[in-house]
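[1] the sequence and its predicted three-dimensional model are supplied below.
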Amino acid sequence: MFEQRFVWSAIVVAALLLAGAVLGSYPAYMIGLAMVNVIAAIGLNLLVGNSGQISLCHSSFMAIGAYSAALLAAYARLPFWLAIPCGTALAAGVGALLALPARRLGGVYLALATLGFMQIVQIALEEWSSVTGGVRGLKIPKPELWPGAVLTPFAVYGVVVAGCVLAVWTAHNLMHSRLGRELNALRLSPHAAQALGISLARIKLTAFTLSAAYAGFAGGLFAQLVGFIDPNEFGISAAVRQLTFIVVGGVGSLAGAVLGAVVLSGLPELLRPVREYNDLVFALVLLAFMLFLPHGLVVLWRAALAGRLGRREAVA
Amino acid sequence: MGATFYLQLAIAGLAVGAVYALVAVAIVIPYKASGVLNFGQGELATMGAYAAFVLASFQLPYGVAFALVLLGGAVFGMVIERLLIRPIANAPAFTLVIATFAIGLAIKSAVSVRWGDTVFSVEGPFGDDPLLFAGLRANPTSLWIVFCTVAVTALLTLFFRYARTGMAMRAVALNPEAATLMGIRVHATYRWAWAISAAIGALAGLLVAPVVGVNPEVGQLILRGLVAAVLGGFTSIAGAVVGGFAVGLIETFASVAVGSTFKNLVPFIVLLLLLAFRPYGLFGTREVHRV
């Protein structure tokens, strides 16, 4: 079973790299964006889907990762492989700081706190224009392996693929570890989890920190891939879009987060002729899934799989 | 900068706060009745503002437009409750937060698709000539907003105290099972809660339209409304009103103290501090909820 999975993963990675090589720059760019979305969705899913906490500020952590990686590359001339981890660490640190008060809150109050935090980050990005470029945005220097060695677009694409693989792999291992089970326990029954000796405060702190780290990582890659960032990319509609990824995919499931992010990253492309309807379609898709398919696409996927495999799945 | 200056600021702050107070009340009513926090509440105000704009273009008298907006808001609230909220009423908090957010986003983007980002101006009911009183100036539109807020609060207080439906809503808020056993139709009270709340939200939009202009971002009001509601303890209508006025005053005085850039940050910093130290607000009762 393990080997089969390994082979499949290798095939997917090879296919992604091949697609990036042969499809031309625009499709490769879109696939890259989809992978960035996958990373962000995985992080959000850990917090929202597994541990059951509400977050409306995931896009802000992405912003922190993106801006700090970009600024480090621009001013300190750090190569991307140092700038992105620094941005990730900073996002994780801020996530932990936010978690300190937020872990005492639940439900609606947590939604409010994260919404307030999102606004603060948003205002800071817009108003602190001497550093962030304000609403006019920030142009990012081309990613360098070391000072002077600029990456080709395909190499940047390769970095994103590698980042995405790393994110999926770590999340998969996390979910099958003690920590993953603890996160799920927190959502399913905080009382039972605590009775079993799980420290809720510690788990919530970990969940926030991890989720912010994934978002910061996604943000750093996003900045390198796109070459330009502005506060609009990280506002409330981005936060809602990321929540849509995991709701459409299937809340709490890693496969669901990946599936949702991939499917919905393609949606704006399909809607290109009617671009002004973009947000409207996202909102309606989100509502429709909430009402009619609350467990997401991953349910259909599993049903199809079970149907095809028939008894094999039942035995397993 | 003498006393007049500060009084003038206070008047401005109260006028802004009155709108926040209305939005906060509109947020608190369904939350109190059914535990659902409507993150789409701001967009109901957006709809109210656009309704005011459209009705004004038909040359309808202000009074008629006023009544139509209230009525339309109430009907829309009932429709949302029936079609979108009731089917998922028992879902986890996460689902409801996201669903109400999605409702708001859908309204906002539909409005953007139809009217774009243009800011339309509508006239206030009493013109723009400031009233002078003892050396103080006040815009008649602002006074009208404050008056409406006070009137709505008074009517709601009477409604919840003396009207049969109002008392039923209080009973349901306290204990839905017991209320059902007493013969109260719980769903009907939820419907009422959403109707009243949406009507007040639309009213806030109608009132604020002459001040800020009609544009898709009117719904941003909800952020201040939420801060006001938290400040007021989230379950008390009087608290929400006081919270609204307080946020308006804080914001206005902050703009003088720290400049207009930083002033936008102040409500959210207040929100985070409140949630960290007094999540039950300044007026709410502490809910002990141990896990």
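    Received the coordinates, thanks.
[2] pLDDT weak spots in the chain?
    Assuming you mean chain A. Applying pLDDT under 70 to chain A picks out residues A:1-2, A:308-316.
[3] hmm, no, I was thinking of chain B.
    Along chain B, the model assigns pLDDT under 70 to residues B:1, B:280-291.
[4] now the strands for it?
    B:131-133, B:136-138 (DSSP state E).
[5] same check on the stretch 1-150 of chain A?
    All strands of the stretch 1-150 of chain A, identified by DSSP state E, counting those that start in this stretch, fall at A:138-139.
[6] tell me which parts of it are close to chain B?
    Within the stretch 1-150 of chain A, the positions near chain B by CB under 8 Å from any CB of the partner chain are A:48, A:52, A:54, A:56, A:101-102, A:104-109, A:111-113, A:115-117, A:119-120, A:123-124, A:127. For every residue, glycine as well, the C-beta is placed using N, CA and C.
[7] and for stretch B:241-257, what's in contact with it?
    B:9-10, B:12-25, B:149, B:153, B:224-225, B:227-233, B:262-263, B:266-267, B:270, B:281-283 (CB atoms under 8 Å, 6 or more residues apart in numbering or on different chains).
[8] which of those residues fall within helices?
    Among the contacts of stretch B:241-257, the members falling in helices are B:9-10, B:12-25, B:149, B:153, B:224-225, B:227-231, B:262-263, B:266-267, B:270 (criterion: DSSP state H).
[9] only whichever of those are buried, select them in PyMOL.
    A single PyMOL command is used to select the members of the ones in helices among the contacts of stretch B:241-257 judged buried by 16 or more other CB atoms under 10 Å in any protein chain shown:
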select buried, chain B and resi 9+10+12+13+14+15+16+17+18+19+20+21+22+23+24+25+149+153+224+225+227+228+229+230+231+263+266+267+270
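[10] contacting chain A as well, which ones from the ones in helices among the contacts of stretch B:241-257?
    Within the ones in helices among the contacts of stretch B:241-257, those near chain A by CB under 8 Å from any CB are B:227, B:230, B:262.
[11] who touches the last one in this structure?
    Okay, so that is residue B:262. Counting by CB under 8 Å, 6+ apart, residue B:262 has contacts A:127, B:254.
[12] now swap in the first one and tell me
    Taking CB under 8 Å, 6+ apart as the criterion, residue B:227 is in contact with A:116, B:20, B:243, B:247, B:267-268, B:270-271, B:274.
[13] one more time with 6 Å, if that's ok
    B:247, B:267, B:271 (CB atoms under 6 Å, 6 or more residues apart in numbering or on different chains).
[14] export those to JSON lines and tack on distance to residue A:158?
    Converted to JSON lines, these look like this (distance: CB to CB, whole Å):
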{"residue": "B:247", "distance to residue A:158": "50"}
{"residue": "B:267", "distance to residue A:158": "45"}
{"residue": "B:271", "distance to residue A:158": "43"}
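[15] closest to residue A:262 out of those residues?
    Residue A:262 has its nearest neighbour among the contacts of residue B:227 in residue B:271, at 35.3 Å by CB to CB.
[16] leaving out chain neighbours, which residue sits closest to that closest one?
    Counting by CB to CB, 6 or more residues apart in numbering or on different chains, residue B:271 lies nearest to residue A:116, which is 4.2 Å off, once chain neighbours are set aside.
[17] near the one you found, how many other residues are there?
    25 (other CB atoms under 10 Å in any protein chain shown).
[18] looks like it contacts residue B:273 (just checking).
    No - under the criterion of CB atoms under 6 Å, residue A:116 makes no contact with residue B:273, lying 9.7 Å away.
[19] re earlier: distance check, the residue nearest to residue B:271 against residue B:227.
    Distance, residue A:116 to residue B:227, by CB to CB, to the nearest Å: 8 Å.
[20] same question, residue A:163
    Residue A:163 sits 37 Å away from residue B:227, going by CB to CB.
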